[in-house]
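Engineer: predicted coordinates and the sequence they were generated for:
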Amino acid sequence: PPPPPPPPPRRHLQVPARGRPPRPREDPGVGPARRHHRAHLRRVQGPRVSPHRVLPRHRSPRPGAARAGSRKRRPREPRRAAAAGSAAAPAVRAAPLRVSMVTMDEVCNVGKKRGADGKIRGKVFVCGDNIDTDQIIPAEYLTLVPSVAEEYARLGTYAMVGLPAELYKTRYVPEGMEKSPYPIIIAGKNFGCGSSREHAPIAIGAAGGCAVVAESYARIFFRNCSATGELYPWEVEAPITEKFETGDEAVIDFERMVILNERTGEEIQMKTLGDLQPVVDAGGIFEFARKSGMIKKKDE
């Protein structure tokens with residue numbers, strides 16, 4: 001049999017010097033279907049419409065209609081003049097919203113934790129070992145900004161709210177109160193462990209806490225106490241939680257470095273605070289730096 005005929009050549013096929021050959025281009029001419037469509041547009045829309053602008057039938061312009069995309073504005077109605085002899089109605093203005101502004105000096109006692117005699121007096125709140133920062137202030141309340149007076153006071157109402165209710169029948173901040181009646185916290189080992197949130201000492205300080213006496217601290221919590229100036233983190237050698245009960249009256253003597261249980265009359269020796277005490281006395285690391293001349297004061 002004779003060999004099959006060769007395939008027809010492709011139109012507009014250009015083979016480059018390298019690489020694969022490009023795809024064949026379509027016929028640059030206009031086919032009969034597109035010419036029929038353009039003629040139909042000219043009959044329906046008129047000769048003023050560009051042939052390259054294809055519009056649907058339901059949006060085709062009509063004689064006298066506005067162009068596509070333009071909007072007609074309604075003319076404003078003229079204001080009615082007041083009737084003769086009648087007084088014009090006065091303009092009614094909304095009363096200004098009254099917001100009670102609270103200053104930080106009213107809700108914060110940083111730098112003023114000690115009494116006139118240099119001691120801290122008040123009831124104690126006894127905790128156990130390994131009280132972490134999630135128990136001191138849960139993460140859901142970290143959205144409160146401590147630099148805002150209202151939110152600072154609100155942050156104190158949630159202090160120690162994460163403690164399990166089955167182990168702590170007495171709450172650190174009683175329900176319905178903004179301040180805690182326990183300015184001194186007695187704790188065991190590793191107080192303030194967990195995350196490094198500085199809201200933990202701030203929440204206790206905002207609730208009215210002044211000092212914590214514990215066997216040991218998490219290092220970051222110990223540092224945050226001095227950086228914020230909210231708490232005096234005292235340490236003791238021997239276990240102390242068994243020598244106090246929640247609600248006992250206690251006195252912290254800074255000169256003798258002892259804490260006195262007024263119910264039993266027992267005194268427990270504490271370790272020295274060292275260079276940390278003047279920082280907390282000043283109200284935090286920045287206030288200490290301003291008072292010592294390390295940085296400029298706010299009014300300068």
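Structural biologist: Noted; the coordinates are in hand. Numbers count the residues shown, from 1 in each chain.
Engineer: quick one, what contacts the closest residue to Y172 other than its chain neighbours?
Structural biologist: The shortest distance from Y172 to any non-neighbouring residue, by CB to CB, 6 or more residues apart in numbering, is to M160 (3.6 Å). Yep, even glycine has a C-beta here, placed from its N, CA and C like the rest. Counting by CB atoms under 8 Å, 6 or more residues apart in numbering, M160 makes contact with F125, C127, Q135, I136, R171, Y172, V173, A203, I204, A207.
Engineer: likewise for I137?
Structural biologist: L155, Y158, A159, V161, G162, R197, H199, A200, A203.
Engineer: may I have the distance across stretch 252-263, first residue to last?
Structural biologist: With CA to CA, to the nearest Å applied, stretch 252-263 spans 14 Å between its terminal residues.
Engineer: list of residues touching it?
Structural biologist: With CB under 8 Å, 6+ apart as the criterion, stretch 252-263 contacts 114, 118-121, 184, 211, 213, 232, 234, 236, 240, 243-245, 248-251, 266-272, 277.
Engineer: average pLDDT across it?
Structural biologist: Across stretch 252-263, pLDDT averages out at 95.
Engineer: just how off-centre is that stretch within its chain?
Structural biologist: When C-alpha coordinates are averaged (CA atoms, centre = their mean, to the nearest Å), stretch 252-263 and its chain have centres 39 Å apart.
Engineer: likewise stretch 259-276?
Structural biologist: Here stretch 259-276 is found 38 Å from its chain centre; the criterion is CA atoms, centre = their mean.
Engineer: give me the buried positions along that stretch.
Structural biologist: Of the residues in stretch 259-276, I259, L260, N261, I268, M270, L273 count as buried by neighbour count, 16 or more other CB atoms under 10 Å.
Engineer: now stretch 187-197
Structural biologist: So stretch 187-197, judged by 16+ other CB under 10 Å, has buried residues A187, G188, N190, F191, G192, C193, G194, S195, R197.
Engineer: most widely separated two among those residues?
Structural biologist: Pairwise distances across those peak at 20.7 Å for G188 and R197 (criterion: CB to CB).
Engineer: sorry, back to before: quick one, phi/psi of the residue nearest to Y172?
Structural biologist: Main-chain torsions, M160, degrees, to the nearest 10: phi 60, psi 20.
Engineer: could you measure from it over to Y152?
Structural biologist: Distance check for M160 against Y152: by CB to CB, to the nearest Å, it reads 16 Å.
Engineer: just checking, D281 touches G111?
Structural biologist: Yes: between D281 and G111 there is a contact at 6.9 Å, judged by CB atoms under 8 Å.
Engineer: so which of the two has more stuff around it?
Structural biologist: D281 (19 against 16; other CB atoms under 10 Å).
Engineer: OK, contacts around the more buried one?
Structural biologist: G111, R114.
Engineer: mind checking the SS state of it?
Structural biologist: Using DSSP: H, G, I helix; E, B strand; the rest coil, the structure places D281 in helix.
Engineer: against G293, how distant is it?
Structural biologist: On the measure of CB to CB, D281 and G293 end up 16 Å apart.
Engineer: can you check S216 too?
Structural biologist: According to CB to CB, S216 and G293 sit 34 Å apart.
Engineer: comparing the two, which residue is more hemmed in?
Structural biologist: Neighbour count, other CB under 10 Å: between S216 and G293, S216 has more, with 16 against 8.
Engineer: using the three-state scheme, assign I120.
Structural biologist: Assignment for I120 (three-state DSSP): strand.
Engineer: is it correct that it is in contact with I185?
Structural biologist: No: using CB under 8 Å, I120 is not in contact with I185; the gap is 11.4 Å.
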